[in-house]
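Trainee: sequence below, structure please.
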Amino acid sequence: MANRTGSADLPLHSGQVPRWLADRMAKLGAVIAEAIVTTYGRDAFLARLAHPFWFQSFGAVMGMDWHSSGITTSVIGALKRGLRPLERELGLYVCGGRGRHSLKTPDELVAIGNRTGFDGAALARASRLVAKVDGAAVQDGFDLYLHGFIVAADGHWVVVQQGMHTDSKLARRYHWQSAGLESFVAAPHAAIEGAGQGEIINLTDIRAERARALQTGLLADLGPDRLLAEIARIEGRSLAPAAPEPPSAQLELLPHLVMPTHHDVRPKDVMLRRLHGALAAAADRGPEDFAELLLVPGIGARTVASLALVAEVVHGAPARFADPARFSMAHGGKDGHPFPVPLKVYDETIRVMKSAVLKAGLGATEEMEAIRRLDAESRRLERVATGPSFHEHIAQERRMSPTYGGRTVMDDAAEAAARAHRGGYRRAGA
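Mentor: Numbers count the residues shown, from 1 in each chain. Okay, the predicted model is just below:
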């Protein structure tokens with residue numbers, strides 16, 4: 001049976017990912033996926049996507065707003081674009097997306113099935129059922145608007161879909177995984193992310209088996225007209241609610257990731273000892289394993305620090321993703337928090353990762369092993385490493401931002417305004 005792995009609050013954010021970031025996210029997302037598949041296999045990558053903490057960290061390391069609902073849309077979109085050229089090589093296919101793209105998922109699955117040989121019609125049915133369960137059987141006040149279906153060539157799959165609650169300005173993300181799935185209607189979720197909204201109707205709960213059976217029986221015995229009349233009669237009078245059943249021990253032990261509404265990254269959002277471990281590992285392993293990078297003025301050592309966090313996304317155990325904000329320290333955020341996206345560092349990270357994956361595919365694993373050593377060294381050094389305070393680290397990143405090619409969406413707006421201003425002067429003088 002699929003396991004529920006946790007929950008999280010995701011504040012709703014509007015706006016679009018700028019092209020300069022979207023293109024890089026597609027490249028970095030694809031090469032991270034390729035590194036995981038090359039090292040651990042396709043099922044390991046699907047399992048990571050089904051883990052809500054890893055998924056949020058994955059988006060944060062790619063420069064998206066570290067806490068927002070927009071990570072879901074941007075990660076699915078980046079994977080869909082980035083993995084398309086690698087579909088046959090990796091045996092991974094990304095379908096669906098936001099809004100009208102989500103409605104095309106069944107047709108995409110059938111088309112891919114016709115090309116690859118798996119049962120696309122069965123997967124299309126699975127896609128519809130998943131959407132129906134989260135849209136109707138789980139009545140928690142969140143309206144679905146995104147549906148991403150990632151399927152492997154062997155038919156194993158993960159679904160990530162998201163709903164919004166406009167009144168509370170929150171989003172809830174739902175994770176499904178085919179591995180171990182025995183039923184679409186009895187506790188099928190790998191995870192549900194979102195804030196508790198009081199009592200909800202969840203007919204997929206294992207304790208709701210009798211309710212599902214009774215609903216089917218009522219419809220058969222009474223017919224729809226009498227059933228609706230009975231519902232109206234009940235709703236017209238006050239009934240004392242039944243005492244809720246106590247939650248299972250499993251649910252009580254599940255971790256809950258609460259993503260705050262504040263845009264800035266604060267000290268409490270980051271496990272500083274782990275950040276110090278990554279920085280120390282970069283300083284320790286960099287000169288030995290990444291000597292060529294360090295010859296590039298101004299960005300070599302900084303790139304190794306980003307690679308240490310990317311290495312953790314590739315190799316880290318699930319318990320290490322409890323603070324997704326830490327992974328925004330690799331490439332900042334498009335809104336300027338915790339600092340502007342360092343485009344030069346970002347491009348160098350992509351270059352190193354691509355080189356490592358390409359050479360590993362040809363049998364030369366030295367670069368992939370160097371990246372793995374970064375992760376191992378980070379975990380070893382975090383027990384003893386010291387470093388700058390959180391605020392000192394952020395201040396240093398902001399000071400160096402011009403050197404690293406730092407950019408935010410505010411820069412885009414300023415450039416657009418300047419172009420409009422110059423255009424206005426030209427028109428006035430014409």
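Trainee: what about the closest residue to Phe321 other than its chain neighbours, distance to Ala78?
Mentor: Ranked by Cβ to Cβ, 6 or more residues apart in numbering and with sequence neighbours excluded, the top spatial neighbour of Phe321 is Phe53, at 3.9 Å. Where you see a C-beta, it was placed from the backbone N, CA and C, and this is true even at glycine. Distance of Phe53 to Ala78, given as Cβ to Cβ, to the nearest Å: 18 Å.
Trainee: who has more neighbours, the two?
Mentor: Under the neighbour definition other Cβ atoms under 10 Å, Phe53 and Ala78 were set side by side, and Ala78 has more, 27 against 22.
Trainee: roughly how far does the more buried one sit from Ala22?
Mentor: Relative to Ala22, Ala78 is positioned 7 Å away (Cβ to Cβ).
Trainee: what's the pLDDT at the residue most central in space within the chain?
Mentor: If you average the C-alpha coordinates of the chain and look for the closest C-alpha using Cα atoms, centre = their mean, you land on Phe55, 3.2 Å from that point. For Phe55, the pLDDT comes out at 94.
Trainee: wait, Ala30 sits on Gly82?
Mentor: Yes - look at Ala30 against Gly82 with Cβ atoms under 8 Å: they come within range, at 3.1 Å.
Trainee: which residues of the stretch 51-200 of the chain fall in strands?
Mentor: Counting by DSSP state E, counting those that start in this stretch, residue ranges of the strands within the stretch 51-200 of the chain are 92-98, 138-139, 143-152, 157-165, 170-177, 189-193.
Trainee: mind listing what's buried in the fourth one?
Mentor: Neighbour-count burial for strand 157-165, counted by 16 or more other Cβ atoms under 10 Å, picks out Trp157, Val158, Val159, Val160, Gln161, Gln162, Gly163, Met164, His165.
Trainee: so, low pLDDT: which residues of this protein?
Mentor: The model of the chain has pLDDT under 70 over residues 1-8, 134-140, 180-257, 424-430.
Trainee: now do the domain split for it, please.
Mentor: Split into domains by automatic domain parsing, the chain comes to 7-198, 267-419.
Trainee: for those, which one sits closest to Pro260?
Mentor: When these are compared by Cβ to Cβ, domain 7-198 sits nearest Pro260, at 6.2 Å.
Trainee: helices of the stretch 301-430 of the chain, residue ranges please.
Mentor: Here the stretch 301-430 of the chain has its helices, by DSSP state H, counting those that start in this stretch, at 328-331, 343-361, 366-381, 390-400, 409-429.
Trainee: export those helices as JSON lines, with columns for mean neighbour count and distance to Glu89.
Mentor: Converted to JSON lines, the helices of the stretch 301-430 of the chain look like this (neighbours: other Cβ atoms under 10 Å; distance: least, Cβ to Cβ, whole Å):
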{"stretch": "helix 328-331", "mean neighbour count": "26", "distance to Glu89": "26"}
{"stretch": "helix 343-361", "mean neighbour count": "19", "distance to Glu89": "9"}
{"stretch": "helix 366-381", "mean neighbour count": "19", "distance to Glu89": "17"}
{"stretch": "helix 390-400", "mean neighbour count": "15", "distance to Glu89": "36"}
{"stretch": "helix 409-429", "mean neighbour count": "11", "distance to Glu89": "33"}
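Trainee: could those go into JSON lines alongside distance to Ala283?
Mentor: Shown next, in JSON lines, are those (distance: least, Cβ to Cβ, whole Å):
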{"stretch": "helix 328-331", "distance to Ala283": "15"}
{"stretch": "helix 343-361", "distance to Ala283": "16"}
{"stretch": "helix 366-381", "distance to Ala283": "9"}
{"stretch": "helix 390-400", "distance to Ala283": "13"}
{"stretch": "helix 409-429", "distance to Ala283": "30"}
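Trainee: count the residues that sit near Gly113.
Mentor: The local packing count at Gly113 equals 19, with neighbours defined by other Cβ under 10 Å.
Trainee: shouldn't it be in contact with Leu123?
Mentor: Yes - proximity of Gly113 to Leu123 meets the contact threshold set by Cβ under 8 Å, at 6.6 Å.
Trainee: tell me if I am right that Ala291 is in a strand.
Mentor: No - secondary structure assignment places Ala291 outside any strand; it is coil (DSSP: H, G, I helix; E, B strand; the rest coil).
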